[in-house]
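A.B. asks: What follows is a predicted protein model with its sequence.
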Amino acid sequence: MSKSIKFKNGNYMDTQGIVHQKQLLSDMIESRDGGSNGGLSVKYQLNNTNFNDIASYGSGLFLMFGNCPNNPNGTTLNTVHWGVIQISLGSSYCIQVAFALNNTDNWLSMRRQSNKKWLNWVHVNLS
C-alpha cells in the first residue's frame, strides 16, 4: 500500500519523494516568515553541522552554513550554503530535501533515513 505525506493546499509527497500539485519551491521559501498563506519559517540556522545530525532537530526548514559533512555534494569541506526542508517521524525515519542557496545550480537533492540508516542522496536537475 502506498503512503504519502500531505501538505497544505492539496499538495502531497509520495513514497518516491515526488511532490504532486506542488507550489513552486521559491514561493514556499519566499513566504517562510509565515505570511497569510502559512509559509515555512526557519527552524534553525546551523553552522558546521553534519547533515546526518539535523535529523534529531525534527521537522522544519533549516539554513546550513560552513563545513557541513554528508551534504548533497558529498564533500567534507565546501562553501555552499544550503536550505534544507526536513520531515521527520520520530528519531528513526526522516526525509531531507536540500538546495544550494549561494550558487546558480538548479539542482534539488533528496534522501531518506529509514530505521536510522541514511540512504544516498538523489539529485534532480530542475532545468
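C.D. replies: Yep, that arrived. Residues are numbered from 1 along each chain as shown.
A.B. asks: what stretches of this protein score poorly on pLDDT?
C.D. replies: Low-confidence segments of the chain (pLDDT under 70): 1-40, 75-79, 104-105.
A.B. asks: Let's see that with 80 instead.
C.D. replies: Confidence mapping of the chain against pLDDT under 80 gives the ranges 1-42, 74-80, 90-91, 102-106, 127.
A.B. asks: For it, just list every one of the helices.
C.D. replies: 25-30 (DSSP state H).
A.B. asks: Residue 62 and residue 43 touch, don't they?
C.D. replies: Yes - Residue 62 is within contact range of residue 43, at 6.0 Å (criterion: CB atoms under 8 Å). All C-beta atoms are positioned from the backbone trio N, CA, C, and that covers glycine.
A.B. asks: More neighbours: the two, which one.
C.D. replies: A count of neighbours by other CB atoms under 10 Å puts residue 62 above the other of residue 62 and residue 43, at 20 against 16.
A.B. asks: show me what contacts the more buried one?
C.D. replies: With contacts defined as CB atoms under 8 Å, 6 or more residues apart in numbering, the neighbours of residue 62 are 42-46, 54, 82-86.
A.B. asks: go again using 6 Å as the cut-off
C.D. replies: Going by CB atoms under 6 Å, 6 or more residues apart in numbering, residue 62 touches 44, 54, 84.
A.B. asks: now those as JSON lines including neighbour count and distance to residue 106?
C.D. replies: Compiled in JSON lines, the contacts of residue 62 are given as follows (neighbours: other CB atoms under 10 Å; distance: CB to CB, whole Å):
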{"residue": "44", "neighbour count": "15", "distance to residue 106": "25"}
{"residue": "54", "neighbour count": "22", "distance to residue 106": "24"}
{"residue": "84", "neighbour count": "23", "distance to residue 106": "17"}
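A.B. asks: out of the residues you listed, which are inside strands?
C.D. replies: Among those, the subset assigned to strands under DSSP state E consists of 44, 84.
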